[in-house]
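Asker: Okay, here's the prediction I keep looking at, along with the sequence it came from:
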Amino acid sequence: MTFKQFRENKVVKFLSNRYILILLLFLIWMVFFDENSFINHHELDKEIDKLEKSNDYYEKEMKHDKKIIKNLENPDSLEKFAREEYKMKRKNEDIYIIEFDSVKK
C-alpha cells in the first residue's frame, strides 16, 4: 500500500479531519485527565454507594437500640439485661457462669 492509497483510505480520511481530531482529543481529555473526569465520577459514585449502605446500617442499629432502651424502662427487664450482659449481681448472691466448649472434637 502506497502513501497515496493510505491517505485515500476512508478511515484515514475520516480520522485526519481536524474536527474529528479535536473531538477525539477533547473526549480523551474529559475521560482521563480532567478534574471532573469520568473516572473520578465513577470513584465518587462508588463512595456514595458505600456511604449510603453504611447510613442504612446505622439507621437500623439506631432503631434496634431505641427498642432496647424503651424495653429497659421496665425495672424487671433492666435487671435481666444487667445480669445477662454485664454479669451484675445482687449483694450476697453468687453467680456461676457456664460456658460450653464450641469447638467440636
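Answerer: Happy to help now that I have it. Numbering: from 1, shown residues only.
Asker: Look at residue 35 and tell me its secondary structure.
Answerer: coil (DSSP: H, G, I helix; E, B strand; the rest coil).
Asker: And the lowest mean pLDDT element among the helices and strands of this protein?
Answerer: In the chain, no helix or strand scores lower on mean pLDDT, DSSP states H and E than helix 3-8, which sits at a mean of 68.
Asker: Which strand or helix spans residue 73?
Answerer: Using DSSP states H and E, residue 73 is not contained in any helix or strand.
Asker: Please measure how far the first residue of stretch 67-76 sits from its last one.
Answerer: Its first and final residues considered, stretch 67-76 spans 16 Å by Cα to Cα, to the nearest Å.
Asker: Mind listing residues that contact that stretch?
Answerer: Stretch 67-76 is contacted by residues 77-78, 81 when judged by Cβ atoms under 8 Å, 6 or more residues apart in numbering. (Each C-beta comes from the backbone N, C-alpha and C, glycine too.)
Asker: Next one, pLDDT for the most centrally placed residue in the chain please.
Answerer: Centroid check for the chain by Cα atoms, centre = their mean gives residue 50 as the closest residue, at 1.9 Å. Note on residue 50: pLDDT of 97.
Asker: Now do the helices in the chain.
Answerer: Per DSSP state H, the chain carries helices over the ranges 3-8, 10-15, 18-28, 38-71, 75-86.
Asker: Mind putting those helices into JSON lines with distance to residue 93?
Answerer: Shown next, in JSON lines, are the helices of the chain (distance: least, Cβ to Cβ, whole Å):
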{"stretch": "helix 3-8", "distance to residue 93": "96"}
{"stretch": "helix 10-15", "distance to residue 93": "88"}
{"stretch": "helix 18-28", "distance to residue 93": "76"}
{"stretch": "helix 38-71", "distance to residue 93": "23"}
{"stretch": "helix 75-86", "distance to residue 93": "10"}
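Asker: Least confident of the ones you listed, on average?
Answerer: Across the helices of the chain, helix 3-8 has the smallest mean pLDDT, namely a mean of 68.
Asker: Please dump the contacts of stretch 67-76 into CSV; it should also carry neighbour count and distance to residue 62 for every row.
Answerer: Below are the contacts of stretch 67-76 laid out as CSV (neighbours: other Cβ atoms under 10 Å; distance: Cβ to Cβ, whole Å):
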residue, neighbour count, distance to residue 62
77, 13, 20
78, 12, 20
81, 15, 18
